[in-house]
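*Asks:* Okay, structure incoming, though there's no sequence with it:
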């Protein structure tokens, strides 16, 4: 309240109270966020440790490799994420083609006609360039012949 009174007494700096309000809102919410985060992650016991996983003494290299591959596949399954687990059977290519065909129909653009229009424009541009270069060549030859 003292900051508000000071802001009222100094009207030119009144809007400096807004960052102060944000500060007083963010600091407690930040501490609350850290508390909730730490309580939710209590099952992770290796915070900041450098312990390497210990190997059993009587394991062969093949068994170690199989165990490592198994751990990797389990990690991939767990790290698939929430959305990937929901949309396991979601075929992106099928829906992408449907959306593209709908957009083409909605916009009135047919792929073959669009390609032919583009080809006609490209051919017209090439013909104009050839005509300009031929005209320049003729003018160069004329300057050499008549000078």
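*Replies:* Ah, there it is. Keep in mind the model is a prediction, meaning the values are calculated, not measured.
*Asks:* And the helices in the chain?
*Replies:* Secondary structure of the chain (DSSP state H): helices at 2-9, 17-40, 61-78, 82-86, 92-107, 111-146.
*Asks:* List the buried residues for the first one?
*Replies:* It stands for helix 2-9. Applying a neighbour-count criterion of 16 or more other C-beta atoms under 10 Å, one finds residue 7 buried in helix 2-9. To be clear about C-beta, it is placed using only N, CA and C from the backbone, and glycine gets the same treatment.
*Asks:* That one vs helix 17-40, what angle?
*Replies:* Interaxial angle, helix 2-9 versus helix 17-40 (axes from the mean of the first three to the mean of the last three C-alpha atoms, to 10 degrees): 160 degrees.
*Asks:* Reformat the helices of the chain as CSV; add mean pLDDT.
*Replies:* Listed next are the helices of the chain as CSV, based on pLDDT from 0 to 100:
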stretch, mean pLDDT
helix 2-9, 88
helix 17-40, 86
helix 61-78, 78
helix 82-86, 62
helix 92-107, 78
helix 111-146, 78
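*Asks:* Map the structural domains onto the sequence of the chain.
*Replies:* 1-41, 92-146 (automatic domain parsing).
*Asks:* Out of those, the one nearest residue 72 is which?
*Replies:* Of all the domains of the chain, domain 1-41 sits nearest to residue 72, with 22.9 Å by C-beta to C-beta.
*Asks:* End to end on the closest one, go ahead and measure it.
*Replies:* 38 Å (C-alpha to C-alpha, to the nearest Å).
*Asks:* What about residue 14, how many residues nearby?
*Replies:* 13 (other C-beta atoms under 10 Å).
*Asks:* So it sits against residue 6, correct?
*Replies:* No: Residue 14 is beyond contact range of residue 6, at 9.6 Å (criterion: C-beta atoms under 8 Å).
*Asks:* Name all residues that make contact with residue 16.
*Replies:* By C-beta atoms under 8 Å, 6 or more residues apart in numbering, the residues touching residue 16 are residue 7.
*Asks:* State the distance from it to residue 22.
*Replies:* Going from residue 16 to residue 22 by C-beta to C-beta, to the nearest Å gives 11 Å.
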